[in-house]
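*Asks:* turn this into a model:
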Amino acid sequence: MSSFLKINSLDDFVGQKHILSTDKPLYKLLKDKNIPSMILFGPSGSGKTTLAKICANILGSDFFQFDGTSLKVEEVRKVINRYKNTLLKPLIFIDEIHRLSKTQQEVLLIPLEKEELILIGATTENPYFSISGGLRSRIFIYEFKPLEKEELTLLLEKNVKKLGITITDEAKEHLLFVSNGDVREMYKLLKYALKLDKKITKDLLTDLGGSFVSEGVSSKDTHYDLISALIKSIRGSDVDASLYYLARLINSGERADFIARRLVILSSEDIGNANPNALTISTSALIVVSSIGFPEARIILSQAVIYLASSPKSNSSYKAINRALEYVKSSKTQEIPSHIKSNCKNYLYPHDFGGFVKQSYMQKEVKFYKTKKIGFEKTLDEWIKKIKSKD
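*Replies:* As a prediction, this is how the structure comes out:
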């Protein structure tokens with residue numbers, strides 16, 4: 001039996017539409033053979049290695065693949081030196097690039113600076129924590145996401161047609177379900193199932209080991225419905241419901257940093273200055289889970305979710321910036337008063353007046369912020385009142 005379908009061109013690549021649809025800058029660069037050095041960050045089986053190989057095909061160059069866990073710097077130097085007296089640049093792909101030590105990463109800096117190679121790295125770890133600042137400043141970083149169910153379906157159907165596989169509809173659904181957005185996982189199960197029987201059934205996949213119990217995040221509806229339910233439960237101050245949806249997200253394979261980013265947004269949008277510490281807690285959670293990952297990340301997320309659900313809620317900050325943006329978009333631009341422009345002479349320095357002095361900061365005063373007097377907002381209201389009363 002022939003092998004699975006090989007993806008050799010950009011037009012055949014499936015997934016990552018947020019960076020590789022035809023209107024995106026990266027797609028246009030690759031199409032024009034302007035391959036930038038970059039790090040592809042995302043889960044296993046999302047197409048990172050495949051895209052690197054496609055880039056080599058686009059250039060018509062040799063593809064040098066290394067593993068970050070066992071890479072010796074001298075191997076990279078040898079490849080670079082081989083091309084020094086040619087018009088070509090080698091494309092070097094380093095899988096698990098986050099495994100390189102700081103010294104190994106810094107060896108790549110000068111060759112990158114001199115444009116002696118095209119470097120493509122792949123990692124499942126957040127590069128903002130695992131990759132040195134010097135290396136990050138010389139390359140682009142693109143985040144890959146698990147494939148959606150529709151994208152996995154497309155790949156599965158193409159392989160079924162190519163290989164002439166007999167597979168039941170029930171088996172197809174199960175295979176997509178247990179793959180959880182991971183193409184490599186789908187191919188692994190399909191490959192070994194075919195070694196056992198030419199007809200693929202759900203029972204065969206289940207017996208083989210494809211009995212993953214998670215609901216998976218490959219289903220777009222489940223993905224967005226679960227995160228929506230979590231956010232609405234926190235906003236509604238239901239601690240137990242919040243924990244329930246958090247547990248379902250974790251069990252479905254959702255990434256910890258994705259959950260934490262949504263918590264950061266919620267902290268300002270739905271809690272704001274009613275409890276300013278909510279933003280500190282959620283931001284700390286994002287930093288920590290991006291570094292350590294699961295299973296320990298579940299504890300940090302649980303702590304943050306309980307704190308946010310228990311906090312007083314106010315969307316005053318959210319509404320205030322929306323009002324300000326709407327005003328800016330729909331109203332005539334106000335001239336900045338001359339006394340608060342740079343290098344002005346008539347500006348009254350508040351510290352010279354005990355902390356506050358009355359002066360205009362807009363040509364026409366407009367009220368955007370409306371306090372709800374919830375939680376710490378009441379304290380802020382008292383502060384601003386006291387500050388202005390000093391005049």
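*Asks:* from here on, just use CA atoms for contacts and neighbour counts.
*Replies:* Noted.
*Asks:* A strand includes residue 121, no?
*Replies:* Yes. Secondary structure of residue 121 (DSSP: H, G, I helix; E, B strand; the rest coil): part of a strand.
*Asks:* do I have it right that it meets residue 42?
*Replies:* No. With contact defined as Cα atoms under 8 Å, residue 121 does not reach residue 42; the gap is 11.2 Å.
*Asks:* which one of these two has more residues nearby?
*Replies:* A side-by-side neighbour count of residue 121 and residue 42, using other Cα atoms under 10 Å, places residue 121 first with 26 against 21.
*Asks:* from residue 361, how far off is the more buried one?
*Replies:* Distance of residue 121 to residue 361, given as Cα to Cα, to the nearest Å: 49 Å.
*Asks:* what of residue 201?
*Replies:* Here the criterion is Cα to Cα. By it, residue 201 lies 72 Å from residue 361.
*Asks:* the more surrounded of these two?
*Replies:* Neighbour tally, residue 201 and residue 361, criterion other Cα under 10 Å: the higher count belongs to residue 201, 19 against 12.
*Asks:* what number of residues are in the vicinity of the spatially closest residue to the more buried one that is not a sequence neighbour?
*Replies:* With Cα to Cα, 6 or more residues apart in numbering as the criterion, residue 201 has its nearest non-adjacent residue at 4.9 Å, and that residue is residue 171. For residue 171, the tally of surrounding residues (other Cα under 10 Å) stands at 18.
*Asks:* host element of residue 171?
*Replies:* Using DSSP states H and E, the secondary-structure element containing residue 171 is helix 169-179.
*Asks:* cool, residue 346 as well?
*Replies:* Using DSSP H and E, no helix or strand contains residue 346.
*Asks:* with residue 65 instead?
*Replies:* strand 63-67.
*Asks:* just residue 40 next, same as before
*Replies:* Residue 40 is part of strand 38-41 when elements are defined by DSSP H and E.
*Asks:* just checking the distance from that strand to the centre of its chain.
*Replies:* Taking Cα atoms, centre = their mean, to the nearest Å, one finds strand 38-41 lying 12 Å from the centre of the chain it belongs to.
*Asks:* CA atoms only: put it into CSV for me.
*Replies:* What follows is strand 38-41, C-alpha atoms only, in CSV (Å, rounded to 0.1, in the frame of the first residue of the first chain):
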residue,chain,number,x,y,z
MET,A,38,11.0,32.1,11.7
ILE,A,39,9.8,30.0,14.7
LEU,A,40,6.6,28.0,14.3
PHE,A,41,5.0,27.7,17.8
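*Asks:* paired strands for it, with orientation please.
*Replies:* The pairing partners recorded for strand 38-41 under DSSP bridges are strand 118-123 (parallel), strand 140-143 (parallel).
*Asks:* nearest to residue 234, of the ones you listed?
*Replies:* Using Cα to Cα as the measure, strand 140-143 is the one of those that comes nearest residue 234, at 27.5 Å.
*Asks:* can you give me the buried ones in the next helix or strand after the closest one?
*Replies:* On the C-terminal side of strand 140-143, the closest following helix or strand by DSSP H and E is helix 149-163. Residues of helix 149-163 classed as buried under the neighbour-count rule (16 or more other Cα atoms under 10 Å) are 149-153, 155-156, 159-160.
*Asks:* and if you look at stretch 180-199?
*Replies:* Applying a neighbour-count criterion of 16+ other Cα under 10 Å, the buried positions in stretch 180-199 are 180-183, 185-187, 189-190, 193-194.
*Asks:* closest one to residue 125 out of those, please.
*Replies:* residue 182 (16.2 Å).
*Asks:* report how many residues lie close to the closest residue to that closest one other than its chain neighbours.
*Replies:* Using Cα to Cα, 6+ apart and skipping the chain neighbours, the partner closest in space to residue 182 is residue 45 (4.4 Å). Other residues near residue 45 come to 21 when the count uses other Cα under 10 Å.
*Asks:* and if you look at the one 4 residues further on?
*Replies:* If you count neighbours by other Cα under 10 Å, residue 49 ends up with 19.
*Asks:* may I ask you to confirm that residue 181 is in contact with residue 42?
*Replies:* No. Residue 181 is not in contact with residue 42 according to Cα under 8 Å; the separation is 11.5 Å.
*Asks:* what residues are up against the residue most central in space within the chain?
*Replies:* Geometric centre of the chain, nearest residue: residue 143, 5.6 Å, by Cα atoms, centre = their mean. With contacts defined as Cα atoms under 8 Å, 6 or more residues apart in numbering, residue 143 is in contact with 40-42.
*Asks:* report pLDDT for residue 112.
*Replies:* Residue 112 carries a pLDDT score of 89 in this model.
*Asks:* again but with residue 262, I slipped
*Replies:* pLDDT, residue 262: 92.
*Asks:* buried ones in the helix or strand where it lies?
*Replies:* Residue 262 belongs to helix 256-266 when assigned by DSSP H and E. Judged by neighbour count (16+ other Cα under 10 Å), helix 256-266 contains these buried residues: 256-257, 259-266.
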